[in-house]
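A.B. asks: Here's a sequence, model it:
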Amino acid sequence: MFPEELETDRLRLEAITHDRVDTFDLYRHTAHDAPDIEEITEHLSWTPHTTPKETKEFIDMSEKNRAEAAGSEYVIRPKEGEDGAGEIAGTTGLNVKWETRTGSLGLWLRKPFWGRGYSGERASVLMELAFDRLDLELVAVEHLAGNEKSRRAIEKYVEAHGGQYDGILRNRHPDGDVVRDAHRFTVSREQWAESRE
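C.D. replies: Numbers count the residues shown, from 1 in each chain. Predicted coordinates:
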């Protein structure tokens with residue numbers, strides 16, 4: 001259901017499977033002691049991995065989701081000509097709720113890759129997958145309250161594809177002893193089609 005590889009002008013997205021992604025390479029960027037990891041994960045719904053076993057289990061879960069057609073996670077690698085070409089720049093994914101015909105986007109990037117417009121570029125190819133291949137009706141994306149960098153990036157690509165801000169979702173994500181609010185944006189298939197004309 002989900003391609004093993006997707007490409008944009010500047011990025012290659014590779015499915016997170018044991019055949020395609022080395023556990024220790026991914027762990028190096030998701031580990032508790034990875035560079036800038038606290039800043040990277042401050043507004044994300046996952047915590048840094050404390051052992052390579054957690055990274056292995058993440059890859060296991062990604063393979064299971066792909067097998068069950070529940071979604072697909074991808075590592076993001078800049079293409080030749082980009083600074084950091086071939087490196088893992090972060091991960092992204094499209095998770096599907098078939099009963100509501102909705103795909104949800106996720107993303108995190110390593111700090112050296114911030115500010116390059118990669119968020120919008122990978123969102124476009126994932127929306128194409130959601131609407132043109134999977135025949136979904138809606139793509140949704142959320143960011144945790146306080147994550148201004150993500151908000152700006154999301155607003156930009158959602159607006160470019162004709163979508164909108166839907167509102168705040170109170171007490172959406174447990175985070176330790178607190179539960180955090182999230183902001184939701186959506187793009188419908190009709191909005192996507194109109195924006196491409």
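
A.B. asks: Which secondary structure element of the chain has the lowest mean pLDDT?
C.D. replies: Least confident helix or strand, the chain: helix 37-41 with a mean of 89, by mean pLDDT, DSSP states H and E.

A.B. asks: and that helix, which residues are buried?
C.D. replies: Neighbour counts over helix 37-41 (16 or more other Cβ atoms under 10 Å) mark 37, 40-41 as buried. All C-beta atoms are positioned from the backbone trio N, CA, C, and that covers glycine.

A.B. asks: Over to stretch 45-59?
C.D. replies: Buried-residue list, stretch 45-59, by 16+ other Cβ under 10 Å: 45, 48-49, 54-56, 58-59.

A.B. asks: Please name every helix or strand in contact with the helix ranked longest in the chain.
C.D. replies: Counting by DSSP state H, the longest helix found in the chain is helix 52-67. Using 3 or more Cβ pairs under 8 Å, 6 or more residues apart in numbering; DSSP states H and E, the elements in contact with helix 52-67 are helix 23-30, strand 71-78.

A.B. asks: and the ones you listed, which is most packed in?
C.D. replies: Ranked by mean neighbour count under mean count of other Cβ atoms under 10 Å, the helices and strands packed on helix 52-67 are led by strand 71-78, which reaches a mean of 22.

A.B. asks: What strands line up against that strand, and which way round?
C.D. replies: In the sheet, strand 71-78 lines up against strand 11-15 (antiparallel), strand 90-97 (antiparallel) (DSSP bridges).

A.B. asks: With mean neighbour count and distance to D135 added, can I get the ones you listed in a markdown table?
C.D. replies: Formatted as a markdown table, those follow (neighbours: other Cβ atoms under 10 Å; distance: least, Cβ to Cβ, whole Å):
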| stretch | mean neighbour count | distance to D135 |
| --- | --- | --- |
| strand 11-15 | 21 | 20 |
| strand 90-97 | 21 | 11 |
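
A.B. asks: neighbours around A31, how many?
C.D. replies: Using other Cβ atoms under 10 Å, A31 has 18 neighbouring residues.

A.B. asks: cool, the one 5 residues further on as well?
C.D. replies: Using other Cβ under 10 Å, the number of residues around D36 comes to 11.

A.B. asks: Next one: it, what pLDDT does it get?
C.D. replies: Looking at D36, its pLDDT reads 92.

A.B. asks: That one contacts F113, correct?
C.D. replies: No: checked against Cβ atoms under 8 Å, the pair D36 and F113 is beyond contact range at 10.9 Å.

A.B. asks: possible to save the helices and strands packed on helix 52-67 as CSV with distance to A85 and mean pLDDT?
C.D. replies: Output for those, formatted as CSV (distance: least, Cβ to Cβ, whole Å; pLDDT from 0 to 100):
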stretch, distance to A85, mean pLDDT
helix 23-30, 15, 97
strand 71-78, 5, 98
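
A.B. asks: can these go into JSON lines with extra columns for distance to R133?
C.D. replies: JSON lines is the format used below for those (distance: least, Cβ to Cβ, whole Å):
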{"stretch": "helix 23-30", "distance to R133": "25"}
{"stretch": "strand 71-78", "distance to R133": "11"}
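
A.B. asks: Ok, which of those comes nearest E5?
C.D. replies: Closest of the helices and strands packed on helix 52-67 to E5 is strand 71-78, at 8.3 Å (criterion: Cβ to Cβ).
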